[in-house]
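S.K.: have a look at this prediction, sequence included:
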Amino acid sequence: MVERTKLEAAAANYTYLRGLFLIPLGVLPIVSALGNTGWGPLRNTWVFLAILALIGIACLPINSFYNKHYGTLRASTGQQARAAAAVVLAIAVVVAGSTLLRSRASWSLDLPVNATAVTLALVILLSYAAGRVLKIHHLIIWGTVLATGAIPLWDGGDPSNVGLAIVGVALMVNGVFDHRLFVRTFGAPAGGQGDSARA
Amino acid sequence: MPEPKPEPVLDRLVHEPGRLAILTVLSSVTNADFVFLQRATGLTKGNLSSHLAKLEEAGLVAIEKRFVRKKPNTNIALTKVGRARITEHWAQLDSIRRLSEPSP
């Protein structure tokens, strides 16, 4: 029996669940947080830029790994449109959310919450939902980040750097779970897959 | 007296499980390569090749052979006819399923 839903979801799963990318990408918010606080060598802008370049370089073998073992595809127009809409909405959520929850703006609610953690958790949940690949581990990981950020105990100084660090760690954990699910969905990479179509 | 609805007729070329899987996966993308199709459908290389050959012959898929970084890569996309046929086929299957459901 052909499982229509599962087959139609393959493209979305392939696009969104290549979790190994999230491991180097998770380093970015952590490095940003450390740079913002002027920690060690990260107080120099060039060190931050060098790390940014290294993160980019680290993504290349990951891309090759997925392409070699799992192939490539071009998403449907509908999926591309949903992804673009999610980006626009994400920008709106980050700008509006962080300004409204806690900022120097006169109309800000100035709540004792971690606006960075709250808004970024919402954005990531939103992007998975837009791709129609929202899974239970996404809800647990980002729900935890959201709840941590929303606890009204973030009085005192600016908590945005702690928020960035939390998001960085959550991205890496999320990446591990996404990749595990990806492998369960498409099979183990062992043995590799060659393109020997005779069609 | 209302005319009876025509009975759904299944498209034999599309209904074979391997080809139905291939066409269903392709209906959710713009195009995909051979390796992705193999992973998504769980078919062996030989089976996938033979089904793709039949689908190409029938004009349901377009196959482009190319080189990506000096390695052969086979890219596959549904044709307009293929997209229409798979959409129609799932509609037929849905109507059969509805017919088999007990009426309230």
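M.R.: Nice, I can see it. Numbering: from 1, shown residues only, chains lettered A, B, ... in the order given.
S.K.: could you report the neighbour count for B:L99?
M.R.: Burial measure for B:L99: 11 neighbouring residues, criterion other Cβ atoms under 10 Å in any protein chain shown. C-beta: built from backbone N, CA, C; applies to glycine.
S.K.: name the SS class of it, please.
M.R.: Following DSSP: H, G, I helix; E, B strand; the rest coil, B:L99 is assigned to helix.
S.K.: same question for A:L111.
M.R.: What three-state DSSP gives for A:L111 is coil.
S.K.: and it, how far from A:I62?
M.R.: A:L111 sits 38 Å away from A:I62, going by Cβ to Cβ, to the nearest Å.
S.K.: more neighbours: those two, which one.
M.R.: Set A:L111 next to A:I62 and count neighbours by other Cβ under 10 Å: A:I62 wins out with 19 against 14.
S.K.: where's that one relative to B:K70, distance?
M.R.: Between A:I62 and B:K70 the distance is 21 Å, computed by Cβ to Cβ.
S.K.: cool, and B:V29?
M.R.: When distances are taken as Cβ to Cβ, B:V29 and B:K70 turn out to be 25 Å apart.
S.K.: looking at these two, which is more packed in?
M.R.: Under the neighbour definition other Cβ under 10 Å, B:V29 and B:K70 were set side by side, and B:V29 has more, 24 against 5.
S.K.: hang on, A:R18 packs against A:F182?
M.R.: Yes. Under the criterion of Cβ atoms under 8 Å, A:R18 makes contact with A:F182 at 6.2 Å.
S.K.: by contact count, what packs against the helix or strand A:L100 falls within?
M.R.: Take DSSP states H and E as the rule and A:L100 turns out to sit in helix A:77-101. With contacts taken as 3 or more Cβ pairs under 8 Å, 6 or more residues apart in numbering or on different chains; DSSP states H and E, helix A:77-101 sits against helix A:4-16, helix A:115-130.
S.K.: any part of the longest one near chain B?
M.R.: No. Contact of helix A:115-130 with chain B is not found when judged by Cβ under 8 Å from any Cβ of the partner chain; the minimum separation is 15.4 Å.
S.K.: show residues contacting that helix.
M.R.: By Cβ atoms under 8 Å, 6 or more residues apart in numbering or on different chains, the residues outside helix A:115-130 that reach it are A:16, A:29, A:82-83, A:85-86, A:89-90, A:93-94, A:97-98, A:101-103, A:134-135, A:138-139, A:142-143, A:145-146, A:148-150, A:159-160, A:162-164, A:166-167, A:170-171, A:174.
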